[in-house]
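Novice: This is the structure alone, sequence omitted:
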């Protein structure tokens, strides 16, 4: 694909637009919510137990401490500077084998989230990571979902507003071309895959057999080449009841997206064979809008709908006694986030 075709492909599909470009029209509605709530940081009351409501800069580790252990993979936080031996010792004691997932404790949009398959890749990751990070047991269930959940404060039950099913970046071999060559015929890979990443070099020059399917990227993030599919039609009473039963076990969680892996929708509805990979708060997006071909006007409608729900939840929590961050507190938090973002790239 020549460079101008790449540009045209990207321009025509808003799923590839920079965050600030796509969200520019939404900022005006956000300003209206600030006026309506009389607070720049109204969203901080949405999830009282999560720092900043989960909009930015929240610790994944702190959120995992709120979730019953049986609902999440084996997870451990490590400090910057942790050694390979220290991590291998933990894995051995916890009976966790490779592959594992490593991710920053504070991070977003798939930054430095990697599937680590052996001690050599582990050593490479440790050289690159400059902040606290989590090791997470790899969950090999085939279905990864992002499910948006809302529960109004004071209500007994919540409801689902969005489901996205994640299709991992993959190729099918022809017995002749390398993985790298096959990926370069895939527009999504050309726009989002890091061909220079040291983590993928061993597989890029391999030649898959004819019709052999190879999953290249096992991280279910849109910025990493994952395709998002709108599974809204899967929402029914059984699924709402199952997800509500799960989230009710997380204290004071009212608004956000639960990212999980499971075997099938049927098992998830039965409350079995699933693990929560992440729980995201006020900064969550309804991921279904990034399905290829999703109409942009519908996308804006759905984003605004969720911002309106966020404001309603926050107002109700405020009325129940959870204060919004003051302007001073909010700006201090934003400065901390900016300082962290500068530090993580050093």
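Specialist: Nice, I can see it. Values in this document were obtained by computation on a predicted structure and should not be read as measured data.

Novice: Tell me who's in contact with the spatially most central residue of the chain.
Specialist: By C-alpha atoms, centre = their mean, the mean C-alpha position of the chain lies nearest to residue 221, the distance being 5.9 Å. With contact set as C-beta atoms under 8 Å, 6 or more residues apart in numbering, residue 221 has these partners: 109-110, 113. All C-beta spots, glycine's among them, are computed from the backbone N, C-alpha and C.

Novice: Could you pick out the longest helix of this structure?
Specialist: Across the chain, the longest stretch assigned as helix under DSSP state H is helix 296-319.

Novice: in that helix, what counts as buried?
Specialist: Within helix 296-319, the residues that count as buried by 16 or more other C-beta atoms under 10 Å are 299-300, 302-304, 306-307, 309-318.

Novice: buried sites along whatever helix or strand comes next after it?
Specialist: Counting by DSSP states H and E, the element after helix 296-319 in chain order, helix or strand, is helix 327-344. Under the neighbour-count criterion of 16+ other C-beta under 10 Å, helix 327-344 has 330, 333-334, 337, 341, 344 buried.

Novice: pLDDT averaged over helix 327-344, what's the number?
Specialist: For helix 327-344, mean pLDDT is 91.

Novice: again with stretch 264-275
Specialist: 97.

Novice: quick one: contacts of it?
Specialist: 71-73, 139, 141, 143, 145, 234, 238-239, 241-242, 245-246, 260-263.

Novice: where exactly do the strands run in the stretch 1-150 of the chain?
Specialist: 75-78, 100-104, 114-116, 133-137, 143-150 (DSSP state E, counting those that start in this stretch).

Novice: quick one: low-confidence parts of the stretch 51-200 of the chain?
Specialist: By pLDDT under 70, the stretch 51-200 of the chain contains no weakly predicted segment.

Novice: Quick check: which element contains residue 156?
Specialist: Per DSSP H and E, there is no helix or strand for residue 156.

Novice: give me the number of residues near it?
Specialist: Per other C-beta atoms under 10 Å, the neighbour tally for residue 156 reads 8.

Novice: Quickly note the distance from it to residue 30.
Specialist: 30 Å (C-beta to C-beta, to the nearest Å).

Novice: What remains of the contacts of stretch 264-275 if I keep only buried residues?
Specialist: Among the contacts of stretch 264-275, those buried by neighbour count (16+ other C-beta under 10 Å) are 71-73, 139, 141, 143, 145, 239, 242, 246, 260-262.

Novice: returning to what we had before: what mean pLDDT does the longest helix of the chain get?
Specialist: Helix 296-319 comes out at a mean pLDDT of 98.

Novice: Give me the contacts around it.
Specialist: For helix 296-319, the surrounding residues in contact (C-beta under 8 Å, 6+ apart) are 14, 23, 25-26, 29-30, 33, 36-37, 42-46, 48, 53, 148, 150-154, 161-162, 254-255, 282, 284-286, 288-289, 324.

Novice: Generate a PyMOL selection restricted to the buried entries among these.
Specialist: Selection of buried members from the contacts of helix 296-319 for PyMOL, criterion 16+ other C-beta under 10 Å:
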select buried, resi 14+30+33+37+42+43+44+45+46+48+53+148+150+151+152+153+161+162+254+255+282+284+285+286+288+289+324
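
Novice: Apart from its chain neighbours, what residue comes closest to the residue at the greatest distance from the centre of the chain?
Specialist: In the chain, the greatest distance from the average C-alpha position (C-alpha atoms, centre = their mean) is reached by residue 176, at 35.0 Å. Closest residue to residue 176 apart from its sequence neighbours, by C-beta to C-beta, 6 or more residues apart in numbering: residue 207 at 6.9 Å.

Novice: same check, this time on residue 177
Specialist: Using C-beta to C-beta, 6+ apart and skipping the chain neighbours, the partner closest in space to residue 177 is residue 207 (6.8 Å).

Novice: do the same with residue 189
Specialist: residue 183 (4.2 Å).

Novice: Give me the neighbour count for that neighbour.
Specialist: By other C-beta under 10 Å, neighbour count at residue 183 equals 23.

Novice: That one reaches residue 216, doesn't it?
Specialist: Yes. Proximity of residue 183 to residue 216 meets the contact threshold set by C-beta atoms under 8 Å, at 6.7 Å.

Novice: which residues do those two both contact?
Specialist: 171, 189, 193.
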